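> below is the sequence, then the predicted model.
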Amino acid sequence: MDKDIFQGYKGASLAILKKYNVRVWGQATINTSRGPFIGTILPRAENDDDKHIVMKIPTGYNIGVDIDTITDMKETGYKKANYKIPEKEFPVTKGLPNVKLFGTGGTIASRLDYRTGAVIPAFSPGELYGAVPELADICNLTTEKVFAVFSENMGPEQYKQLAVRIGEEIENGIEGIVIGHGTDTLHHTGAALTFMVQNPPIPIVLVGSQRSSDRPSSDAALNLMHAMNAAGNSDIAEVMVCMFGPTSDDYGLLHKGTRVRKMHSSYRSTFRTIGDVPMAMVDRKKITTIKKDYKRRRKDRDVTILPYFSDKVTMLYYYPGMKPDTIDALVDAGYKGIVIVGTGLGHVNKELYPAIERANAKGVVMYMTLQTIWGYVHMFVYDTGRDMMAKGIIPGANMLPEVAFIKLGWALGQTEDPEKVKELMLTVINDEITEREPYNGYLVYQGEVPEIKKFMRDVRK
């Protein structure tokens, strides 16, 4: 009985609930030395300490109340919560575009597991509609749960399966595709699908959320609505990422799959276009293009599906003092491709030169990218760069490190011939390499800089 009434509580925290006869899921007032707190008592994560009572307050946020501060508790009501959202059949409205939602997991399709305190993939795509009924005003939606994993568990096999399914849906006449995905590696998948699904006739939009659906500040619903609008109504027929633009709820941004990166661990506006400008701004009702040069939506069903990937590729982040055995170990383990994330214009220390030569002699292909994120590899400026090129390292221009890694895996999945790999790597598919970066493609707003303080004061009141 105690297990049902006091889920997850133990020791001192369990004792204080029993003392005041307050149950989990009970509405309660907790008086403390810091003042009163009103809300619903939640289950404890079973692996957590026994020093806190967890409560959901009226704003929707969860707080922990230190039991040493509690002077009194009173249960004022009781209603056990049901956090499962029922699935609903999506209505069909004549005249709205037909969009396919592929579910892969992640926070946009998750809820809080109060047993463990963790966010877990739990919502099916049908449940997403139950949570966001406004989607029915934007498109006619069909759904399919392809995977139910966090994004760190997405990889080559998932990329290939998604590419094949996308090709099948395009052939069947779908007008737009949305992929629900965890945010941590969403940009990797965006790059992979750009290379594996070439020249699609429709928009393919990856979307996630930084905050789970049970949080008041969740971005899940708006991101989904923006993504559905982009997939159903945009004329941009490319692989894109759709996430919050500003930290507010004003609009979302569409980012090209090869020029986007997650830039903050928790901000809702974490995704940024790097070395370019976003494709478009989007909200529930309109799409405002920013880039004028993009691949347009077509009525044909032609698409090239190239679901290839070698798992014998790695990314090596250079650091001062790196030893040659780091590269030797990768070669000995059978790796066929290495993307080096170098300093400055594309540099590593001279101590690595013998290992680079050994790797090149064994047919390992090596490409240089930059830790600076913005800018181009320029290995011909200093002797260091020229020496490395002579030893077999190929400059990766302004490919983002993660994009170069994905593209090298995709290239080596098709051939291990170094010259053919080089041809694939340096042939531009969709702006993974650009001739130049726009003047406003590199904008870093530093807090407390006078012009930014003025902007915040005058414009964003």
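Structure's in. What do you need?
> all the helices of this protein, in order from the start?
2-5, 11-20, 125-131, 156-171, 186-196, 220-233, 325-332, 353-361, 383-390, 401-412, 418-426, 450-458 (DSSP state H).
> now render those as TSV, adding mean neighbour count, distance to Pro97 and mean pLDDT.
No exception for glycine: its C-beta is placed from N, CA and C like everyone else's. Converted to TSV, the helices of the chain look like this (neighbours: other Cβ atoms under 10 Å; distance: least, Cβ to Cβ, whole Å; pLDDT from 0 to 100):
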stretch	mean neighbour count	distance to Pro97	mean pLDDT
helix 2-5	11	47	60
helix 11-20	15	52	93
helix 125-131	21	16	67
helix 156-171	19	13	98
helix 186-196	27	20	98
helix 220-233	26	3	93
helix 325-332	16	47	98
helix 353-361	17	49	97
helix 383-390	16	49	93
helix 401-412	26	29	98
helix 418-426	16	34	97
helix 450-458	10	38	72
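> quick one: the strands in the stretch 151-300 of the chain?
Remark: strands assigned in the stretch 151-300 of the chain by DSSP state E, counting those that start in this stretch are 176-180, 197-198, 204-207, 239-244, 252-256, 260-262, 271-273, 280-282, 287-289.
> how about the ones you listed, which one is nearest Lys407?
Closest approach to Lys407 among those (Cβ to Cβ): strand 197-198, 12.3 Å.
> what packs against the closest one?
Applying 3 or more Cβ pairs under 8 Å, 6 or more residues apart in numbering; DSSP states H and E, one finds that strand 197-198 makes contact with helix 156-171, strand 304-305.
> kindly reformat these as a markdown table containing distance to Glu416.
Below are these laid out as a markdown table (distance: least, Cβ to Cβ, whole Å):
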| stretch | distance to Glu416 |
| --- | --- |
| helix 156-171 | 16 |
| strand 304-305 | 21 |
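> now the strands of the stretch 151-300 of the chain in TSV, with mean neighbour count?
Listed next are the strands of the stretch 151-300 of the chain as TSV, based on neighbours: other Cβ atoms under 10 Å:
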stretch	mean neighbour count
strand 176-180	28
strand 197-198	20
strand 204-207	29
strand 239-244	28
strand 252-256	27
strand 260-262	23
strand 271-273	22
strand 280-282	23
strand 287-289	15
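> quick revisit: and Val54, which of the helices of the chain is closest to it?
It is, among those and with distance given as Cβ to Cβ, helix 11-20, at 9.0 Å.
> from Arg284, how far out is Asn229?
6 Å (Cβ to Cβ, to the nearest Å).
> mind listing the shared neighbours of these two?
Common contacts of Asn229 and Arg284, defined by Cβ atoms under 8 Å, 6 or more residues apart in numbering, comprise Ile138.
> which residue packs closest to Phe147, ignoring adjacent ones?
Distances taken as Cβ to Cβ, 6 or more residues apart in numbering place Thr104 nearest to Phe147, at 4.4 Å, with adjacent residues excluded.
> now the one you found: phi and psi?
Torsion angles at Thr104 (phi, psi; degrees, to the nearest 10) stand at phi -120, psi -10.
> and it, how many neighbours?
A total of 28 residues lie near Thr104 under the criterion other Cβ atoms under 10 Å.
> hmm, Gly182 and it touching each other?
Yes: shown here, Thr104 and Gly182 form a contact pair, counting by Cβ atoms under 8 Å, at 7.5 Å.
> kind regards, and thank you for your time.
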